[in-house]
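A.B. asks: The following comprises the amino acid sequence and a computationally predicted model.
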Amino acid sequence: MLAPAMSVSNTSFFQCLTLKGEAETAALGRRIARLLRPGDTVTLTGPLGAGKTVFARGLIRTFLAGEDVPSPTFTLVQTYETERFPIWHVDLYRLKAASEVRELGLDEALERGVLLIEWPDRMGHALPADRLDVVIEGMDEEDDDEERIVKVIARGAWASRVGDLSDFRSGR
């Protein structure tokens, strides 16, 4: 396994992790869930089948154990009420234009909840400046253990909060 690459500054944070399979992808989601606060945005980028919804499921089930967490591909938005804040899980894959995002009412989520966005590129310039970007790169087709490269990029206020995520496997 490759050692995680990490870079930190006052306004950004970058870490590259190697994950094996869905269990580790969900574990990273659980690790990041512990950092969340109302008003946070986490974006999930990657090709179809890379593990975006698996990550989201791990994150959401940190607050709601055993919750059914389907992909919001067809509903566009799934909301989950937790004890701390609502989580809005959004899948923008089917949107044709950034102007369609306004109709989803995501401003409400940013006021009091957490926004978890799959396919954030569909938002264009409407993405919040303070956010955590999780980029899941596709698996090597010749690799039988479903290894994924995940890049975590913290922007703005997130940069000082994230810290080293390489302990995600231990559940710390």
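C.D. replies: On my side now, so go ahead. Computed from a prediction, not measured in an experiment: that's the story for all the values here.
A.B. asks: CA atoms for contacts and neighbours, from now on please.
C.D. replies: OK.
A.B. asks: Now the element after the least confident helix or strand in the chain by mean pLDDT, going C-ward?
C.D. replies: Averaged element by element with mean pLDDT, DSSP states H and E, the chain has its least confident helix or strand at strand 5-8 (a mean of 61). On the C-terminal side of strand 5-8, the nearest following helix or strand under DSSP states H and E is strand 12-20.
A.B. asks: Packing partners of that next one?
C.D. replies: On a contact count with 3 or more CA pairs under 8 Å, 6 or more residues apart in numbering; DSSP states H and E, strand 12-20 meets strand 5-8, strand 147-155.
A.B. asks: okay, Pro86: pLDDT?
C.D. replies: What the model reports for Pro86 is a pLDDT of 95.
A.B. asks: how about the closest residue to it other than its chain neighbours, what does it touch?
C.D. replies: Computed as CA to CA, 6 or more residues apart in numbering, the closest residue to Pro86 that is not its neighbour in sequence is Gly113, at 4.7 Å. Gly113 is in contact with Arg37, Pro38, Gly39, Asp40, Phe85, Pro86, Ile87, Trp88, counting by CA atoms under 8 Å, 6 or more residues apart in numbering.
A.B. asks: pretty sure the first one is in a strand, no?
C.D. replies: Read it as Arg37. No. Looking at Arg37 with DSSP: H, G, I helix; E, B strand; the rest coil, it is coil, so not inside a strand.
A.B. asks: what's the neighbour count on it?
C.D. replies: Arg37: 13 surrounding residues under other CA atoms under 10 Å.
A.B. asks: What distance do you get for it to Val114?
C.D. replies: Separation of Arg37 from Val114 (CA to CA, to the nearest Å) stands at 7 Å.
A.B. asks: Give me the common contacts of those two.
C.D. replies: Both Arg37 and Val114 are contacted by Phe85, under the criterion CA under 8 Å, 6+ apart.
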